[in-house]
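Colleague: only the shape, not the letters, is given here:
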């Protein structure tokens, strides 16, 4: 390809990704944290795990702590004192942290469900775009650009769902993607060889 074809192909890649990205976001809008937590407080994604606490001296420090989704007053709490994450000086600050954590959980559940929908929508769209670029467009810059845009769509869809998947799902998705990419590479190479041979004969 000459320089004009390369620039055209890159432009097609970028615009294809934009079209699929904004199209999917129109169908499945991103949830906003403010819609779940009206106080705009900082979320607490960590589970209030005792295992993560530092070793503290054996001193009684009265405080509130979150136990099984409740704020419980401990008359002889950790010697480290309230850290405002797992333990709190007042019931109000404990209740606020508990609220923040619970609304974050609701937000995260909605975000996870959306990511799954985005993935299952972006996956077939990306494959169709790659197939369209490989099979139906004779102009090399257009075909290659669409294929690149299809790959970008697959990456976007997989990336949205990636943090919520287990390792075996990640392995399976990576394997399927690798097999498809190798197959398309062989197909594209074979197509280009045929095109070169036909142009030489002509």
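Modeller: Happy to help now that I have it. Here the structure is a predicted model, which is why all the values come from computation and not from measurement.
Colleague: could you report the neighbour count for residue 131?
Modeller: Residues within reach of residue 131, counting by other C-beta atoms under 10 Å, total 16. Quick note: C-beta positions are derived from backbone N, CA and C, even for glycine.
Colleague: chain center to the top helix by length along the chain: distance?
Modeller: Longest helix in the chain, counting residues (DSSP state H): helix 91-135. Distance of helix 91-135 from the chain centroid (C-alpha atoms, centre = their mean, to the nearest Å) equals 7 Å.
Colleague: nearest residue to the middle of this protein?
Modeller: The centroid of the chain falls nearest to residue 160 when counting by C-alpha atoms, centre = their mean (2.4 Å).
Colleague: now do the helices in this structure.
Modeller: 3-27, 91-135, 140-161, 167-201.
Colleague: residue 59 is nearest to which of these?
Modeller: Proximity to residue 59 (C-beta to C-beta) singles out helix 91-135 among these, at 20.1 Å.
Colleague: coming back round to it: got the helices of the chain as a markdown table, with distance to residue 36 and mean pLDDT columns?
Modeller: Output for these, formatted as a markdown table (distance: least, C-beta to C-beta, whole Å; pLDDT from 0 to 100):
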| stretch | distance to residue 36 | mean pLDDT |
| --- | --- | --- |
| helix 3-27 | 19 | 84 |
| helix 91-135 | 4 | 86 |
| helix 140-161 | 19 | 83 |
| helix 167-201 | 26 | 75 |
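Colleague: out of these, which is closest to residue 69?
Modeller: Taking C-beta to C-beta, helix 91-135 is the member of the helices of the chain nearest to residue 69, at 7.0 Å.
Colleague: and the angle from that closest one to helix 140-161?
Modeller: Angle of helix 91-135 versus helix 140-161, following axes from the mean of the first three to the mean of the last three C-alpha atoms, to 10 degrees, is 160 degrees.
Colleague: and helix 91-135, what does it pack against?
Modeller: helix 3-27, strand 61-66, strand 71-77, helix 140-161, helix 167-201 (3 or more C-beta pairs under 8 Å, 6 or more residues apart in numbering; DSSP states H and E).
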